[in-house]
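In: Generate a structure from the sequence data that follows.
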Amino acid sequence: MTVTLAELGEAELLRRLACFAPPGQLADDTSTLVPDPRQLLVNTDVLVDDIHFSDLTTSPADVGWRAVATNLSDLAASGAVAVDGITVALVAPGSTPWNWVEDLYRGISEALNCYGGILLGGDCSSGRQRLISVTALGRLGPLRLHRADAYPGDWLVTSGAHGLSRLGLALLQGDPILDGNRALTDALQHQAISHHRRPSPRLDALTTLLEHKPEHLPWRAAGTDSSDGLLAAVQALCNSSQCGAQLNRDWLPRAESWPSGDLWDQWCLNGGEDFELVLSLPAVWAQRWLEHQPASRRIGCVTSESNQIVWSDTRRPVTAAGFDHFDSA
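Out: Below is the predicted model:
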């Protein structure tokens, strides 16, 4: 028999959720962090039902994984080298089955076991719509990545292919735009669905970046992640740094066997939720990173033309169609 949250009650729900944290961790309203001389980085992300996930495309365990991954991606893009843990705020209707919540927290635990950190605490409330808000805490390494530290002449690089999450979503939704498209290999489809359901925060790519900094260079680089799309990430770097960029169309970070055409280029640029690092680096540092970080790509360079993002061959503006949290469409 399926037990709902309303039938469980708050006390029993909290007792069951405590099993996903270290013993005694959820016994109090606050949590104590171990003293650490490194600066603390904090990030919060919210996942809302029918906006960021759906039962039609995402299992509750995958929702839990994604809730962690989105936050840890922001930590990686800021220079975090260690994860202390997360807090989780859950809002759900009383009719929500306990099994759904259990699987959600199982996915959360799987992600934490993979990337580090523990469940530090959180809160639960009844509400009309399911919502998961995660706050992640991590420790800063030697490089603080700011969006505002891009310089003209830097190389623009990214840690992996883009557009896969958008393709994965289209496949899971049975999007008619894919009807009759025989160019999609089985391997690409499997990769895209996996990429959408269980994205990877690129803490590994940050580690490679730190390990291969040329000794003569200062600790200066700009970075963000591509949660809202590759082009949106480049725009964020340019806007904050008051710079511009040239992107090379031939260097778009396409996955292996990625089809050609305007749609596919737009998904690569604006698909979103790929959670790759997008960095602005001095050329010699970028070159070293590209040599040692698997699947990393150069996509262009930073220019002095403030907020002008153009194609390198035509000098025409690169068009934006990324995700907007408040777009009425």
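
In: okay, the strand ranked longest in the chain in CSV with CA atoms only?
Out: Scanning the chain for the strand with the most residues, using DSSP state E, yields strand 80-92. Extracted C-alpha coordinates of strand 80-92, given in CSV (Å, rounded to 0.1, in the frame of the first residue of the first chain):
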residue,chain,number,x,y,z
ALA,A,80,35.5,25.2,-4.7
VAL,A,81,37.9,22.2,-4.1
ALA,A,82,35.9,20.5,-1.4
VAL,A,83,32.2,20.1,-0.5
ASP,A,84,31.1,20.4,3.1
GLY,A,85,27.6,19.4,2.4
ILE,A,86,24.1,20.6,1.6
THR,A,87,20.8,21.6,3.2
VAL,A,88,17.5,20.6,1.6
ALA,A,89,14.2,22.3,1.8
LEU,A,90,11.3,20.2,0.5
VAL,A,91,7.8,21.4,-0.3
ALA,A,92,5.3,18.8,-1.5
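
In: Check which helices and strands that strand is in contact with.
Out: helix 60-76, helix 98-115, strand 118-126, strand 131-140, helix 203-211 (3 or more Cβ pairs under 8 Å, 6 or more residues apart in numbering; DSSP states H and E). Glycine gets a C-beta too; all of them are placed from N, C-alpha and C.

In: That one pairs with which strands, parallel or anti?
Out: Looking at strand 80-92 with DSSP bridges, its partner strands are strand 118-126 (parallel), strand 131-140 (antiparallel).

In: I'd like to know how far the residue nearest to the spatial centre of the chain sits from residue 94.
Out: For the chain, the residue sitting closest to the mean C-alpha position, by Cα atoms, centre = their mean, is residue 275 at 3.2 Å. Distance, residue 275 to residue 94, by Cβ to Cβ, to the nearest Å: 33 Å.

In: contacting residues for residue 276?
Out: 158-162, 202, 205, 225-226, 230, 253 (Cβ atoms under 8 Å, 6 or more residues apart in numbering).

In: Model confidence score at it, please.
Out: Per-residue confidence (pLDDT) for residue 276: 98.

In: Return the backbone torsion pair for it.
Out: Backbone torsions of residue 276, given as degrees, to the nearest 10, read phi -90, psi 160.

In: Could you measure from it over to residue 86?
Out: From residue 276 to residue 86 the distance is 21 Å (Cβ to Cβ).

In: just residue 240 next, same as before
Out: 26 Å.

In: Looking at the two, which one has more neighbours?
Out: Legend: neighbour count by other Cβ atoms under 10 Å for residue 240 and residue 86, higher for residue 86 (25 against 15).

In: what's the burial count for the closest residue to residue 303 other than its chain neighbours?
Out: Nearest non-adjacent residue to residue 303, counting by Cβ to Cβ, 6 or more residues apart in numbering: residue 244, 4.3 Å away. Each residue near residue 244 was counted by other Cβ under 10 Å, and the total is 19.

In: For residue 244, give me its contacts.
Out: 238, 302-310.

In: Next, it: phi, psi?
Out: According to degrees, to the nearest 10, residue 244 has phi -120, psi -170.

In: Can you read off the pLDDT for it?
Out: 97.

In: can you check residue 324 too?
Out: Reported pLDDT for residue 324: 49.

In: List the contacts of residue 308.
Out: 244-245, 317.

In: circling back: most tightly surrounded among the strands paired with strand 80-92?
Out: strand 131-140 (a mean of 22; mean count of other Cβ atoms under 10 Å).

In: give me the number of residues near the residue nearest to residue 219 when sequence neighbours are not counted?
Out: Spatially, and ignoring its direct neighbours in sequence, residue 219 is nearest to residue 143 (5.0 Å; Cβ to Cβ, 6+ apart). The tally of other residues near residue 143 (other Cβ under 10 Å) stands at 19.

In: Touching, residue 143 and residue 209? I think so.
Out: Yes - contact criterion Cβ atoms under 8 Å: residue 143 and residue 209 qualify, at 7.2 Å.

In: which residues do these two both contact?
Out: Residues touching both residue 143 and residue 209 (Cβ under 8 Å, 6+ apart): residue 221.

In: mind listing which of the contacts of residue 244 are in helices?
Out: Using DSSP state H, the subset of those located in helices is residue 238.

In: Now render the contacts of residue 244 as CSV, adding pLDDT.
Out: Listed next are those as CSV, based on pLDDT from 0 to 100:
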residue, pLDDT
238, 97
302, 98
303, 98
304, 96
305, 95
306, 92
307, 85
308, 95
309, 97
310, 97
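
In: tell me which of the contacts of residue 244 is nearest to residue 127?
Out: Among those, residue 238 lies closest to residue 127 (Cβ to Cβ), at 38.1 Å.

In: and the closest one, what does it touch?
Out: Per Cβ under 8 Å, 6+ apart, neighbours of residue 238: 150, 244-245, 302, 306-307, 309.

In: ok, 6 Å please
Out: 244-245, 307 (Cβ atoms under 6 Å, 6 or more residues apart in numbering).
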